[in-house]
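> Let's see this in three dimensions:
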Amino acid sequence: MSVRNRSVTSYLKALIGALALTGLFSHAAAAQDLPPGHPPHGGATDNKREASPAPSQAGGGFAQHLPADSVTQHTVTLDGKPFAYKATAGTLPLLGPQGDVAAKMFYVAYQAANAPARPTTFVFNGGPGAASAFLHIAALGPRIVPFAENGAAPLRPVRFVDNPATWLAFTDLVFIDPVGTGYSRATGGGDDKEAAFWGDEKDANSVATFIRGWLSRNGRSLAPVYLAGESYGGLRAAILAEKLLDAGLDVQGAVLISPALDFPLLRGNRFNVLPLAFDLPSLAVAAAELKDGTKTTVENIAREAEAFAATDYLVHVARGRVPSEAITARVSQLTGLSPEIVARNQSRAPDDVFFDEYERATNRRLSRYDATVSAPLPMPAKNDRFDVILDGASSVLAPAAATYIAQDLGFRTDLDYRLLNETANRRWSGDRKRAHEASGVELIERARTQNPALKVFIAHGYTDLVTPYALSRYLIGQLRPIEGAAPVELHVYRGGHMMYFRGASREALTRDVRRMYETSQR
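The predicted structure is shown next:
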């Protein structure tokens, strides 16, 4: 996501205006209109493929390259014991107003072999225009690509390993690729066909239709449902929670990872100074880790920066561009910027100044996705907007996802696996009312009013400068009390936007989320 006037990847830059556009889509398909479900679970041996019939309604264009669903059996070691599960890689058709197949949405579902009463968690990434591979094969799935200790890049040679922190230990998982991402395609092919699914409401309606359809196919329409979304996917989860509750589903929880919940507050400008205060704690933690390494303790630094940012610093920047020696000294001490640089910026620490000064001093460019990770200049492939975290991970996760889906899950196709669809990102059209009148937290508030038992878990990385954690803390503080509702949880971990790239943070995230699930099921 793009959040300010910055030199970032085109994938992020396009999102600045995404929610300012208008668009509305009413998807006509209902759960009962979908084709019959998958065959019942059989007794196949480990990694043995079961044949599944192709959907009964064929589509044209790209759809002809989508094979029948593939069902395989696997085991993973969890807590020192073998855990058996079924994996289904396939597509589910979305029907148009006349009952024709408008699109086929690709998914990978993992279901425990001997635990039919478990909740189901539907997982997606953000973008808009991102497939679910980030959360699927780098965070939550049973098999993942390991990254370096600081989350900077996947380890070479690229390989898959069992994930002891998989959420499959406590919930079935369905990873969804929205239309135009992964192997999901509009059946007619072409950008115009897919654009019918690109936009806040269009997207949410299609994903909601998928969820209802998958639950119906699998006889789980009355079972507990959870949602997990990252970045823009956090906003998608907030929209979906209300839609699915309206549809009568038992939505019990939502996990929002590095969510983009309020775009106007993410976008700083000359007259919106709040982002300066939201960024400061993340800059302070990044400065400490850049100076002392990953072993440094950052929790106290974060708390100190949060307190200063919400009091003296916020009052100072709200007064206008008037320098202050006391504020300058404090900002300099927290961020590592020289007093001269801070004073030159009217005792403020804009994040672009922090990044520019680091680059000037080191000839390296920091990632906005994790401001402790950098790449040497010049940027590769003459791409001045290269981000070492996003682009480095994407270059590996796209072919890794395609290889894993084909070889381990048995779903083989000639289509490209679209990890990041920049066309979708550019052409995304948001509902103006939703973008400017209803933030993600307002949608969460309405969902919690409808179901006070709904658990909401928000996770952030300390050094994420794309969606800084202090913004979510601020938004949570603005929520109105709801009688009988559980408080919204906020957890912050070492690392950046994809804090789960760091093994220790991935394990801590899973541990905390599992506790929330177990509380919900009591």
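> What is the neighbour count of Pro157?
Using other CB atoms under 10 Å, Pro157 is surrounded by 5 other residues. To be clear about C-beta, it is placed using only N, CA and C from the backbone, and glycine gets the same treatment.
> Could you look up the SS state of it?
coil (DSSP: H, G, I helix; E, B strand; the rest coil).
> tell me the contacts of it?
With CB atoms under 8 Å, 6 or more residues apart in numbering as the criterion, no residue contacts Pro157.
> Now the phi/psi pair for it, please.
When read as degrees, to the nearest 10, the backbone of Pro157 gives phi -70, psi 150.
> for Leu490, same thing?
For Leu490, the backbone dihedrals are phi -120, psi 120 (criterion: degrees, to the nearest 10).
> What's opposite it in the beta bridge?
Ile458 (DSSP bridges).
> ok, it to Ala459 distance?
As judged by CB to CB, to the nearest Å, Leu490 and Ala459 stand 8 Å apart.
> and those two? which has more neighbours close in?
Ala459 (26 against 17).
> Thr75 belongs to a helix, doesn't it?
No. Counting by three-state DSSP, Thr75 falls outside a helix, being strand.
> can you list the weak-confidence ranges in the stretch 1-150 of the chain?
1-64 (pLDDT under 70).
> those helices in it, which residues are they?
Remark: helices assigned in the stretch 1-150 of the chain by DSSP state H, counting those that start in this stretch are 10-13, 133-135.
> could you list every residue that touches the nearest residue to Val161 once chain neighbours are set aside?
Nearest non-adjacent residue to Val161, counting by CB to CB, 6 or more residues apart in numbering: Pro146, 5.6 Å away. Taking CB under 8 Å, 6+ apart, we find Pro146 in contact with 154-155, 159, 161, 503.
> would TSV of the residues you listed with distance to His316, neighbour count and pLDDT be doable?
Listed next are the contacts of Pro146 as TSV, based on distance: CB to CB, whole Å; neighbours: other CB atoms under 10 Å; pLDDT from 0 to 100:
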residue	distance to His316	neighbour count	pLDDT
Pro154	42	22	92
Leu155	44	13	91
Arg159	50	12	95
Val161	48	10	96
Gly503	39	17	96
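> Of all pairs in these, which one spans the longest distance?
Across the contacts of Pro146, the longest distance by CB to CB is 14.5 Å; it joins Arg159 and Gly503.
> my guess is Ala139 contacts Tyr500, does it?
Yes. Counting by CB atoms under 8 Å, Tyr500 is a contact partner of Ala139 at 3.9 Å.
> Now for those two: what residues contact both?
506, 509.
> closest to Leu415 among the contacts of Pro146?
Looking across these and measuring by CB to CB, the closest to Leu415 is Pro154, at 23.1 Å.
> Wait, the closest one touches Val396, no?
Yes. Counting by CB under 8 Å, Pro154 does reach Val396; the two are 4.5 Å apart.
> Which neighbours do these two have in common?
Residues touching both Pro154 and Val396 (CB under 8 Å, 6+ apart): Val145.
> Please name the residues that touch Arg494.
294, 298, 461-463, 502, 504-505.
> and the residues you listed, which two are the farthest apart?
Thr463 and Ala504 (14.2 Å).
> more neighbours, those two?
Using other CB under 10 Å, the more surrounded residue of Thr463 and Ala504 is Thr463, with 33 against 15.
> Just read off the phi/psi values of that one.
The phi/psi pair for Thr463 (degrees, to the nearest 10) is phi -110, psi 30.
> I'd guessed it sits against Glu289; true?
Yes. Look at Thr463 against Glu289 with CB under 8 Å: they come within range, at 6.7 Å.
> contacting residues around Leu245?
For Leu245, the contacting residues are 251, 447, 450-451, 454, by CB under 8 Å, 6+ apart.
> So which of those residues sit within strands?
Among those, the residues falling in strands (DSSP state E) are Val251.
> Mind checking which of the contacts of Leu245 are buried?
Buried subset of these (neighbour count, 16 or more other CB atoms under 10 Å): 251, 447, 454.
> if we can go back for a sec, and the contacts of Pro146, which is closest to Leu95?
Nearest to Leu95 among the contacts of Pro146, with distances taken as CB to CB, is Pro154, at 38.3 Å.
> Which residues are in contact with Met400?
Careful, residue 400 is Ala and not Met. Ala400 is in contact with 133, 137, 145, 154, 158, 160, counting by CB under 8 Å, 6+ apart.
> Where does it sit, in terms of helix or strand?
Using DSSP states H and E, Ala400 sits in helix 390-407.
> and that helix, average pLDDT?
For helix 390-407, the mean pLDDT works out to 96.
> ok, then the element right after it?
helix 422-427.
> That next one: which residues count as buried?
Within helix 422-427, the residues that qualify as buried by neighbour count (16+ other CB under 10 Å) are 424-427.
> cool, and stretch 220-231?
Here stretch 220-231 shows 220-221, 223-231 as buried, counting by 16+ other CB under 10 Å.
> what's the first-to-last distance across stretch 127-144?
One end of stretch 127-144 sits 21 Å from the other (CA to CA, to the nearest Å).
> from the chain's centre, how far out does it sit?
On the basis of CA atoms, centre = their mean, to the nearest Å, stretch 127-144 sits 8 Å off its chain's mean C-alpha point.
> What is the end-to-end distance of stretch 471-491?
Using CA to CA, one end of stretch 471-491 lies 13 Å from the other.
> With stretch 292-311 instead?
Note: stretch 292-311 ends 27 Å apart using CA to CA.
> which residues are in contact with that stretch?
With contact meaning CB under 8 Å, 6+ apart, stretch 292-311 is reached by 149-150, 277-278, 280-281, 283-285, 288-289, 330, 334, 372, 462, 470, 473, 492, 494.
> Filter these down to just the ones in helices.
Counting by DSSP state H, the part of the contacts of stretch 292-311 found in helices is 277-278, 280-281, 283-285, 288-289, 330, 334, 470, 473.
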